[in-house]
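[1] no sequence on this one, just coordinates:
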Ligand code: NAD
């Protein structure tokens with residue numbers, strides 16, 4: 001994070017409605033505002049009931065529900081959804097669910113230009129970014145395109161009341177990771193720093209409360225508010241080593257998205273902290289702690305999250321391949337990324353030892 005006033009801030013042009021109950025009371029109004037009359041509702045199979053309720057709330061403006069979203073948007077899933085949207089003559093999509101449902105809506109928007117409304121049910125933050133992803137033959141491609149940025153985002157904390165505690169914790173820490181990397185991004189700014197600190201503080205406060213009382217609407221609201229801010233940080237900046245590592249571990253080794261972010265984050269921040277002391281101190285302040293990497297590690301452990309890459313199924317023999325992939329292309333990072341350094345980071349994350 002820079003400590004001087006020299007920055008560019010490119011605000012993302014979308015609208016946010018945040019209110020308990022908004023999924024069912026505000027989505028139709030958002031579709032109407034955009035002039036949509038033939039909306040296709042998207043979700044994963046587990047979120048189909050909620051998506052059906054949103055579809056019902058749209059009345060005649062809904063032409064179908066497609067509950068086929070899958071993690072990392074396999075290209076054949078995207079092809080099928082695009083075909084369906086064309087067959088139905090859809091003029092827009094509403095994605096109800098986590099990053100996978102929003103990702104499918106983005107894939108349709110990328111191919112067809114159809115406007116997207118997002119109704120998120122996790123803390124992943126995809127709804128606030130112009131980044132799309134598609135997976136083909138085991139490799140995930142991503143890109144930025146303003147066409148995939150949702151035109152409107154409907155945040156409804158009630159939708160997250162049933163989010164299981166383990167996913168609540170890991171999805172929340174996935175969001176924190178966006179804010180951490182935004183603080184030391186080359187395109188950070190004072191606005192991003194404000195959002196990042198507020199977002200990390202809101203999530204770090206809410207997650208322990210949700211682990212104890214998952215149906216607290218008040219804590220759910222604060223967590224979703226934090227997720228919105230952290231997602232905004234992700235959408236406005238360039239991510240570094242941490243996101244690169246998680247991309248490799250998810251894309252090449254099939255490790256689960258939010259859990260991987262949770263395990264890797266303390267080690268990635270420990271690696272970068274010497275080159276980004278201001279980021280480490282802002283994160284520590286938001287966590288009300290002295291040592292940011294250690295506080296993130298403690299938070300995850302206290303809330304019962306997975307503690308090591310070994311626990312997530314990575315094999316020791318994969319560490320060297322993952323390290324080589326993570327350094328194969330240059331990207332912005334506050335501390336130079338060396339294969340040796342990344343291998344040591346990954347080994348510590350593999351073993352789950354305290355970040356040093
Ligand atoms: P997800 O959408 O796959 O959801 C995880 C699981 O939780 C699913 O089984 C889902 O059905 C279930 N679920 C979701 N909401 C629920 C709720 N409220 N109650 C109960 N169960 C619920 O996972 P995710 O972590 O939200 O998103 C991960 C995906 O999003 C990855 O593919 C990742 O790459 C992508 N992503 C993209 C961006 C971007 O900017 N493009 C940003 C973040 C994440």
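    The structure has been received and is ready for your questions. Owing to the predicted nature of the structure, the values given are computational and were not obtained by experimental measurement. Numbering: from 1, shown residues only.
[2] tell me the contacts of residue 303?
    165, 169, 207-208, 211 (Cβ atoms under 8 Å, 6 or more residues apart in numbering). Heads up, the C-betas are built off the backbone N, CA and C, glycines and all.
[3] rerun that using 10 Å as the cut-off
    Residue 303 is in contact with 165-166, 168-170, 172-173, 207-208, 210-212, 262, counting by Cβ atoms under 10 Å, 6 or more residues apart in numbering.
[4] can you check which strand is longest in the chain?
    strand 62-69 (DSSP state E).
[5] compute the mean per-residue pLDDT across that strand, please.
    What strand 62-69 shows for mean pLDDT is 98.
[6] quick check, residue 17 in a strand?
    Yes: Residue 17 forms part of a strand when assessed by DSSP: H, G, I helix; E, B strand; the rest coil.
[7] pLDDT score for it?
    For residue 17, pLDDT reads 98.
[8] kindly report the same for the one 5 residues further on.
    Per-residue confidence at residue 22 stands at 98 (pLDDT).
[9] for it, give me phi and psi.
    With angles defined as degrees, to the nearest 10, residue 22 sits at phi -60, psi -30.
[10] how far away is it from residue 223?
    Distance, residue 22 to residue 223, using Cβ to Cβ, to the nearest Å: 16 Å.
[11] which one of those two has more residues nearby?
    A count of neighbours by other Cβ atoms under 10 Å puts residue 223 above the other of residue 22 and residue 223, at 27 against 20.
[12] helix/strand/coil for that one?
    Residue 223 ends up helix, using three-state DSSP.
[13] I figured it hits residue 210, correct?
    Yes: using Cβ atoms under 10 Å, residue 223 is in contact with residue 210, at 6.2 Å.
[14] hang on, the earlier thing: now, which of the contacts of residue 303 sits nearest the ligand?
    residue 170 (7.8 Å; Cβ to the nearest ligand atom).
[15] wait, what's in contact with the closest one?
    Here residue 170 is in contact with 122-123, 164, 207, 256-263, 300, 303, 305-306 (Cβ under 10 Å, 6+ apart).
[16] list residues touching both of residue 223 and residue 210?
    Shared contacts of residue 223 and residue 210, counting by Cβ under 10 Å, 6+ apart, come down to 160, 163, 168, 172, 203, 216.
[17] give me phi/psi at the nearest residue to residue 339 once chain neighbours are set aside?
    Closest residue in space to residue 339, ignoring its immediate chain neighbours: residue 327 at 4.8 Å, by Cβ to Cβ, 6 or more residues apart in numbering. Torsion angles at residue 327 (phi, psi; degrees, to the nearest 10) stand at phi -110, psi 10.
[18] just say helix, strand or coil for residue 306.
    Assignment for residue 306 (three-state DSSP): coil.
[19] now it: how far from the ligand?
    In this structure, residue 306 and the ligand are 14 Å apart, going by Cβ to the nearest ligand atom, to the nearest Å.
[20] got it, and residue 123?
    Taking Cβ to the nearest ligand atom, one finds residue 123 at 7 Å from the ligand.
[21] who in the stretch 251-356 of the chain is up against the ligand?
    257-258 (Cβ under 6 Å from any ligand atom).
[22] let me see the ranges of the helices in the stretch 251-356 of the chain.
    With helices called from DSSP state H, counting those that start in this stretch, the stretch 251-356 of the chain shows them at 257-272, 277-287, 292-302, 319-326, 339-351.
[23] next one: the shortest one to chain centre, how far?
    It stands for helix 319-326. The chain centre lies 23 Å from the centre of helix 319-326; the measure is Cα atoms, centre = their mean, to the nearest Å.
[24] list the helices and strands the helix or strand that contains residue 200 packs on?
    Residue 200 belongs to helix 190-212 when assigned by DSSP states H and E. Applying 3 or more Cβ pairs under 10 Å, 6 or more residues apart in numbering; DSSP states H and E, one finds that helix 190-212 contacts helix 165-183, helix 217-236, helix 277-287, helix 292-302.
[25] comparing those, which comes out most buried?
    helix 165-183 (a mean of 27; mean count of other Cβ atoms under 10 Å).
[26] still on that earlier bit, could you dump the helices of the stretch 251-356 of the chain to TSV with mean pLDDT?
    Listed next are the helices of the stretch 251-356 of the chain as TSV, based on pLDDT from 0 to 100:
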stretch	mean pLDDT
helix 257-272	98
helix 277-287	98
helix 292-302	98
helix 319-326	96
helix 339-351	98
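[27] got a list of what the nearest residue to residue 237 once chain neighbours are set aside touches?
    Among residues not flanking residue 237 along the chain, residue 185 sits closest, at 3.7 Å (Cβ to Cβ, 6+ apart). Shown in contact with residue 185 (Cβ under 10 Å, 6+ apart): 1-2, 192, 196, 233-234, 236-240, 276, 279, 332-334.
[28] residue 237 now?
    Counting by Cβ under 10 Å, 6+ apart, residue 237 has contacts 9-10, 129, 178-179, 181-189, 192, 196, 332.
[29] check residue 124 too.
    Taking Cβ under 10 Å, 6+ apart, one finds 97-100, 102-103, 171-172, 174-175, 178, 227, 230-231, 234, 257-258, 261 in contact with residue 124.
[30] one more time with 8 Å, if that's ok
    98-99, 102, 171, 174-175, 227, 231, 257-258.
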